[in-house]
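Participant: no sequence for this one, just the structure:
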């Protein structure tokens, strides 16, 4: 019998925002795997740390590059090779009959790296994904502002898009979230302003973690932001009904 | 001392998809409130039932109408009056010094009725929202298909929109979810087909519950669907990387 592969959403950061199911499967897993930048702690592991048993085997998967390198064929190839290798390391554990829980910030299928392992392994092994609380909903919760209501449209965008692309999407939405800010903050703010939304846009950093920061986008420092920060433009209607 | 108001996301249905924090606050609350259609069980209460203490006081909030009545001024007024009254019933409990946990399917600020209580009460009482797992991510998880990756755009739409509005949004997305299907299923399918997306669109009903159903949208019975069903169009790119 080979082991089972579990992609586990651990939520936005607050260890209490893991689900009961995530908690159970992490404790049950033969091996707990997680992604991290080399030399940096894993955010996913930090969120789940209290649920990992003492001496439970762990499998760290260190990215060969940071997430903010410019895209290009070389970068693509490097990442594909990394995911191939990570998948094979996990396959070795699964072949030995151990279940593997892969910890994922937020939700595994919502911009999560777990999907690259899933694509490589789910056809070969029994697999299951445990959905998690995404950072965008954690952001709305810490703002204390409803995100979207009734028959409104929500757009989720990446801050890596060009200024024009961002603006084109933003002019036609009722509520929006721009993820992956990082060094794209100044560009994103310009797009939000051009779309006429700056007065109701919020900047949210590390939602639900002790270092959390929340401020109007107009007041956010344009010199940069962590990769795990976002802009939230809540529904105008939702807060007035 | 007045009590605190907690808006608690209980996730998509599977009782194991509550967060640890939701679990803790529900157990701690003086009163547990929930919405339901009159004469029907509350989905939110069902998801949280195992965390409600024996003899813990509960405050049912029964909608005066079903959610699928045609919109109109009379309907709007009826609902606003209902939320006013529900908020005052909760305020009475809070004034008595009891904390109130309002249970919400999915996430409270993501199309959730809790927001109407929040808008009426958060200025008067200490309040906190506990984000939850939304049905759209539960849907992607049970499909076993990544929803969105890298720098893709995700659109979340309501099935109540007109066929033209739906199609206009759908032609410009990489991944999309159409919520609130109900009797809009045939119209939504026509829009998805017109946007050229029918071959990768899925129909998902009651994700994570025992009665869950998942099938290609092209094969879904066009005569209707429950309100809590959705169409998921996962990223084409995410499943090939």
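Facilitator: Happy to help now that I have it. Everything numeric here is computed off the predicted structure, so don't read it as measured data.

Participant: which stretches of chain A form helices?
Facilitator: Listed in chain order, the helices found in chain A under DSSP state H are A:20-28, A:43-48, A:73-95, A:114-121, A:135-143, A:163-170, A:185-194.

Participant: quick one, which of these is packed in tightest?
Facilitator: Using mean count of other Cβ atoms under 10 Å in any protein chain shown, the stretch among the helices of chain A with the greatest mean number of neighbours is helix A:135-143 (a mean of 26). For the C-beta atoms, the positions are set from N, CA and C on the backbone; glycine is no exception.

Participant: and it, how far out from the chain's middle?
Facilitator: With Cα atoms, centre = their mean, to the nearest Å as the basis, the distance from the averaged C-alpha position of helix A:135-143 to the chain average is 13 Å.

Participant: relative orientation of that helix and helix B:114-121 in degrees?
Facilitator: An angle of 20 degrees separates the directions of helix A:135-143 and helix B:114-121 when computed by axes from the mean of the first three to the mean of the last three Cα atoms, to 10 degrees.

Participant: quick check, helix A:135-143 touching chain B?
Facilitator: Yes - judged by Cβ under 8 Å from any Cβ of the partner chain, helix A:135-143 comes into contact with chain B through A:137, A:138, A:140, A:141.

Participant: any idea how far the first one lies from residue A:19?
Facilitator: Read it as residue A:137. From residue A:137 over to residue A:19 the distance is 13 Å, taken as Cβ to Cβ, to the nearest Å.

Participant: ok, how many other residues are close to the closest residue to residue A:196 other than its chain neighbours?
Facilitator: Distance criterion Cβ to Cβ, 6 or more residues apart in numbering or on different chains; nearest residue to residue A:196, sequence neighbours excluded, is residue A:171 at 7.7 Å. Counted with other Cβ atoms under 10 Å in any protein chain shown, the burial measure for residue A:171 works out to 12 neighbours.

Participant: Show the pLDDT at residue A:203.
Facilitator: pLDDT recorded at residue A:203 is 97.

Participant: Settle this for me: residue A:94 is touching residue A:100, isn't it.
Facilitator: Yes - under the criterion of Cβ atoms under 8 Å, residue A:94 makes contact with residue A:100 at 6.0 Å.

Participant: Find residues that contact each of the two.
Facilitator: Both residue A:94 and residue A:100 are in contact with A:3, A:4, A:5, where contact means Cβ atoms under 8 Å, 6 or more residues apart in numbering or on different chains.

Participant: what's the closest of those to chain B?
Facilitator: Sorting those by distance to chain B puts residue A:5 at the head of the list, at 11.0 Å, by Cβ to the nearest Cβ.

Participant: need the contact list for the closest residue to that closest one other than its chain neighbours.
Facilitator: Ranked by Cβ to Cβ, 6+ apart and with sequence neighbours excluded, the top spatial neighbour of residue A:5 is residue A:127, at 4.1 Å. Shown in contact with residue A:127 (Cβ under 8 Å, 6+ apart): A:4, A:5, A:6, A:7, A:118, A:121, B:144.

Participant: cutoff 7 Å now
Facilitator: With contacts taken as Cβ atoms under 7 Å, 6 or more residues apart in numbering or on different chains, residue A:127 has the following neighbours: A:4, A:5, A:118, A:121.

Participant: Identify the farthest-apart pair in those.
Facilitator: Of all pairs drawn from the contacts of residue A:127, the greatest distance, 12.6 Å, lies between A:4 and A:118 (Cβ to Cβ).

Participant: thinking again about what came up before, want to try a markdown table for the helices of chain A, with mean pLDDT and distance to residue B:189 as columns?
Facilitator: Below are the helices of chain A laid out as a markdown table (pLDDT from 0 to 100; distance: least, Cβ to Cβ, whole Å):
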| stretch | mean pLDDT | distance to residue B:189 |
| --- | --- | --- |
| helix A:20-28 | 97 | 32 |
| helix A:43-48 | 96 | 37 |
| helix A:73-95 | 94 | 35 |
| helix A:114-121 | 97 | 26 |
| helix A:135-143 | 97 | 28 |
| helix A:163-170 | 94 | 25 |
| helix A:185-194 | 96 | 33 |
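
Participant: what would those look like in a markdown table with distance to residue A:215?
Facilitator: Shown next, in a markdown table, are these (distance: least, Cβ to Cβ, whole Å):
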| stretch | distance to residue A:215 |
| --- | --- |
| helix A:20-28 | 31 |
| helix A:43-48 | 22 |
| helix A:73-95 | 32 |
| helix A:114-121 | 31 |
| helix A:135-143 | 10 |
| helix A:163-170 | 20 |
| helix A:185-194 | 12 |
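
Participant: on that earlier part again, tell me the phi and psi of the residue nearest to residue A:196?
Facilitator: For residue A:171, the backbone dihedrals (degrees, to the nearest 10) come out as phi -70, psi -10.

Participant: Let me know the pLDDT of it.
Facilitator: Taken from the predicted model, the pLDDT recorded for residue A:171 is 90.

Participant: same check, this time on residue A:226
Facilitator: With respect to pLDDT, residue A:226 scores 84.

Participant: give me phi/psi at it?
Facilitator: Its backbone dihedrals place residue A:226 at phi -70, psi 160, with angles given as degrees, to the nearest 10.

Participant: State the distance from it to residue A:17.
Facilitator: For residue A:226, the distance to residue A:17 (Cβ to Cβ) stands at 19 Å.

Participant: Which one of the two is surrounded by more residues?
Facilitator: Set side by side, residue A:226 and residue A:17 give different neighbour counts by other Cβ under 10 Å, the larger being at residue A:17 (29 against 12).

Participant: partner residues bridging the closest residue to that one other than its chain neighbours?
Facilitator: Closest residue in space to residue A:17, ignoring its immediate chain neighbours: residue A:11 at 3.5 Å, by Cβ to Cβ, 6+ apart. Here residue A:11 shows beta-bridge partners residue A:106, assigned using DSSP bridges.

Participant: residue contacts, residue A:11?
Facilitator: Contacts of residue A:11 (Cβ under 7 Å, 6+ apart): A:17, A:18, A:47, A:106, A:132, A:133, B:19.

Participant: Excluding chain neighbours, what is closest to the fifth one?
Facilitator: Put plainly, it is residue A:132. In this structure, residue A:132 finds its nearest non-sequential neighbour in residue A:9, 1.9 Å apart by Cβ to Cβ, 6+ apart.

Participant: Could you list which residues are in contact with the one you found?
Facilitator: Applying Cβ under 7 Å, 6+ apart, one finds that residue A:9 lies in contact with A:22, A:104, A:106, A:107, A:108, A:130, A:131, A:132.

Participant: For residue A:166, see how far away it is.
Facilitator: Separation of residue A:9 from residue A:166 (Cβ to Cβ): 27 Å.

Participant: now swap in residue A:26 and tell me
Facilitator: Computed with Cβ to Cβ, the distance linking residue A:26 and residue A:166 is 37 Å.

Participant: okay, among the residues of helix A:135-143 next to chain B, which ones form the most distant pair?
Facilitator: A:138 and A:140 (7.5 Å).

Participant: per-domain residue ranges of chain A.
Facilitator: Domain assignment of chain A by automatic domain parsing yields the ranges A:5-130, A:135-233.

Participant: Could you save these as JSON lines and add columns showing distance to residue B:211?
Facilitator: Conversion of the domains of chain A to JSON lines gives the following (distance: least, Cβ to Cβ, whole Å):
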{"stretch": "domain A:5-130", "distance to residue B:211": "18"}
{"stretch": "domain A:135-233", "distance to residue B:211": "25"}
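
Participant: Noted, bye for now.
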